[in-house]
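Trainee: just need the structure, nothing else, for what follows:
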Amino acid sequence: MRQRFGIDLYSLTVQLVLSFVILVLLTALAVGLPAILLIRNQIQRQAWEQVDHGGRATQALYAAWESNVTHLATLTSHRPTLHALLAQGNETELTQYLQTLRGDAELDLLLICDNAQQLVAVAGTTVTSDICTIEEEAGFYNLLVPTLPQVWLLAANAVSVGPTGETGIQAKVIAGVALDEEFVVQSQEQTGLEHTLIVNGRPVTSSLPGGVSDRGSVTGFPAESQTTAIGTPMTFEIDGHPYYATTIPINDLAPVHGFDLEDETALAVGDIAATQRNLVWALSGSVIAVALVGSVLGVFLARRIGRPLAQLADAATTFSKGNLDQPVIVRAGVSEVSQVALALEQERINLRQTITELRQAQAWTEHLLDAIVEGIVILDENDRITFFSSGAERITGWSKKAAMGRSCDEVFQLAESDDPFSQHLPPVGKRHKITLWLSSGRQATLAITGARLMPPAAVESGVGLVLRDVSETETMHRLVGEFLANITHEFRTPLSALAASAELLLDQAPSLSRAELQELLAALHLSILSLQTLIDNLLESAKLEAGRFRVFPHPADLGQIIAEAAHIMLPLQAIYNQQLVIELPTTIPSVHADSRRTAQVLINLLSNATKYSPDNTEITIRVTTVDNWVRVAVADRGPGVPEGYLPDLFRPFVHPAPKDSQSRHGAGLGLSVAKAIIEAHGGEVGVDNRPGGGSVFWFTLPLVDKHASISG
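Mentor: Residues are numbered from 1 along each chain as shown. Predicted coordinates:
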């Protein structure tokens, strides 16, 4: 406590004044005070030694009670008569027998519980039913007897009934002693000191005059100048009678279940206090006058020395608050103080310059770390996060505030196993690719590089991790692999058909009939058509990637575009016996579109419909107008588009059916090319699942009137 009555006890002025006063007092008391203090200390020492001895006796008493109760529970559990009564199941005789044993052993409670934790027989005070759940180790419990809480010393021991090896433990003997008023009175008789039992800081029974009612209203004060071998020394008063006491934690002596139990051992010291008061009064009168003179002299000298030092202290306080702009100005008549003031002023200037440089370096470092795209995470020797950069926040979705101080196993969860993240940390200088769950709930593949960090003067080293999100790269690698496999297949099939048809023509052309020649030529045409469509889509995709994709819209006849696309796709649909149905409005609209590329969109949609539709089904082209837009839809009776594929369906290399389906899917470029062409026209493209099975792919184009109104 630095202040009392508004005076700073640690200030130099106050300490100098007190020093002078104490010096005067010591001089005045040099003759009589040593003897008085010696007698006083001897009396107190003897009193505290008696309290200490009483505490030791109390410890021994509790140890003896614990050992006695444990021994009695063990002896009772091995009595043959008890075994016989348990085997017979005669509860009346068993209760009488327990009453006899309890009286002989001077126990307050003796009972039997079965294996189901139910009371079988009770001798003594009635207690709560959950007493059967106590452990076999002796300990203290707070029970309801029957509705009021009371502390008990209980010990339990198992009873084995029947021949060895045939029957397990059948019952449990519980012996107990109540820590009530009779108990503390008995303890007072054995130790010569007063005893108070305290449960969770509240007295429950006491041998002090007035019992718990008077003791419960008393607040003890720690005896800071005294020590005892056991417990916590303290003093208190009851009705004007002082006591020295020590508090003995019973929790340190034996198991205490569910609460704190203490024994406050107290000694009445009324005579000692009276002697001390007489000594103090005798001494006070003789030194007051001398103390006043010394105090006046001390104040004068202290103010002369303390005023400049107080100014230095104010300057130091200003520095500690971060204000280094105010110079140190101290007017002192002491040369040493002036030298300290000059040194402090020079250090203020140096410190301000150093802090400025450190702030600039810190700002530069933070700016540099924020600019790094990769995430940087630093772990201590216990794998707890001590640094979390802005890049790590962007990559993982975790905020710096939420991640700092937590274990890396809590923040980073592996997506492909239940192993802790710390078991997969990369070695120093190595890089691992690990798939993690992000805070948003999605998965991401991170490339993690490890580094060992050893700060100066550190005993344990930390780990630095550099995180890079390579999810898109990994996905692209996988998609490119699938694309190469698909494109190889797509090229091989028509090329094989072309080779076979050409070989057949070369070998057997003179002998083939006109129908057979027509069939071979149709196969050649179909293969060439497939290659042409595939190459067109590859070229358009390459232009999209290179940023050179353009469309050249002009007024065009939509009916002619549809007819051209239908004519091109007719041979492919004939192979699968599919029928193309075209539904046009009465007046075929004119659209503002690039005819060639719009036909390519229709060819891609019809090609997908043919590949995914069963044989002998219809594919429908339906044209409708909405406001100044025309909507073209291609409907099939295929398997439809699974819900999980809808968001990414128009991205490159994505197929609208699972990999294990039997559909005849292609390279995965047609829909992405169609989307790019339509959006270049200002239209929209989409897909809906068709009622009754199948899907409907649609796109919109501006009518000629719509384009004219926009241009105007």
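Trainee: mind showing which ranges of the stretch 1-150 of the chain have poor pLDDT?
Mentor: 1-17, 20-21, 24-25, 28-36, 39, 129, 144-149 (pLDDT under 70).
Trainee: tell me which stretches of it form helices.
Mentor: Using DSSP state H, counting those that start in this stretch, the helices found in the stretch 1-150 of the chain span residues 12-28, 33-77, 80-88, 91-105.
Trainee: dump these to a markdown table, plus mean neighbour count and distance to residue 324.
Mentor: Where you see a C-beta, it was placed from the backbone N, CA and C, and this is true even at glycine. Formatted as a markdown table, the helices of the stretch 1-150 of the chain follow (neighbours: other CB atoms under 10 Å; distance: least, CB to CB, whole Å):
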| stretch | mean neighbour count | distance to residue 324 |
| --- | --- | --- |
| helix 12-28 | 17 | 24 |
| helix 33-77 | 17 | 50 |
| helix 80-88 | 15 | 84 |
| helix 91-105 | 16 | 78 |
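Trainee: of all those, which one is nearest residue 615?
Mentor: Across these, residue 615 has its closest neighbour in helix 80-88 (84.9 Å, CB to CB).
Trainee: relative to helix 33-77, how tilted is that closest one?
Mentor: Helix 80-88 runs at 50 degrees relative to helix 33-77, counting by axes from the mean of the first three to the mean of the last three CA atoms, to 10 degrees.
Trainee: and the helices in the stretch 251-400 of the chain, which stretches?
Mentor: Assigned by DSSP H, counting those that start in this stretch, the stretch 251-400 of the chain shows helices spanning 270-320, 335-371, 390-396, 400-403.
Trainee: most packed of those?
Mentor: Mean neighbours per residue, mean count of other CB atoms under 10 Å, is largest over the helices of the stretch 251-400 of the chain for helix 390-396, with a mean of 20.
Trainee: ok, and what's touching it?
Mentor: For helix 390-396, contacts defined as CB atoms under 8 Å, 6 or more residues apart in numbering pick out 369-370, 372-377, 398-400, 403, 411-412, 436, 438-439, 444, 446, 467-469.
Trainee: list buried residues within the residues you listed.
Mentor: Buried members of the contacts of helix 390-396, counted by 16 or more other CB atoms under 10 Å: 369, 374-377, 398, 403, 411-412, 436, 438, 444, 446, 467-469.
Trainee: right, so of the helices of the stretch 251-400 of the chain, which gets closest to residue 598?
Mentor: Per CB to CB, nearest to residue 598 of those: helix 390-396, 41.0 Å.
Trainee: ok, for residue 250, nearest residue in space, not its chain neighbours?
Mentor: The shortest distance from residue 250 to any residue other than its chain neighbours is 4.1 Å, reached at residue 261 (CB to CB, 6 or more residues apart in numbering).
Trainee: isn't the one you found right up against residue 201?
Mentor: No - look at residue 261 against residue 201 with CB atoms under 8 Å: they stay out of range, at 10.6 Å.
Trainee: ok, these two, which is more surrounded?
Mentor: A count of neighbours by other CB atoms under 10 Å puts residue 261 above the other of residue 261 and residue 201, at 25 against 8.
Trainee: if I look at that one, how far off is residue 209?
Mentor: Per CB to CB, to the nearest Å, residue 261 is found 23 Å from residue 209.
Trainee: again, but for residue 572
Mentor: Distance from residue 572 to residue 209, by CB to CB: 112 Å.
Trainee: which one of those two is surrounded by more residues?
Mentor: A side-by-side neighbour count of residue 572 and residue 209, using other CB under 10 Å, places residue 572 first with 18 against 12.
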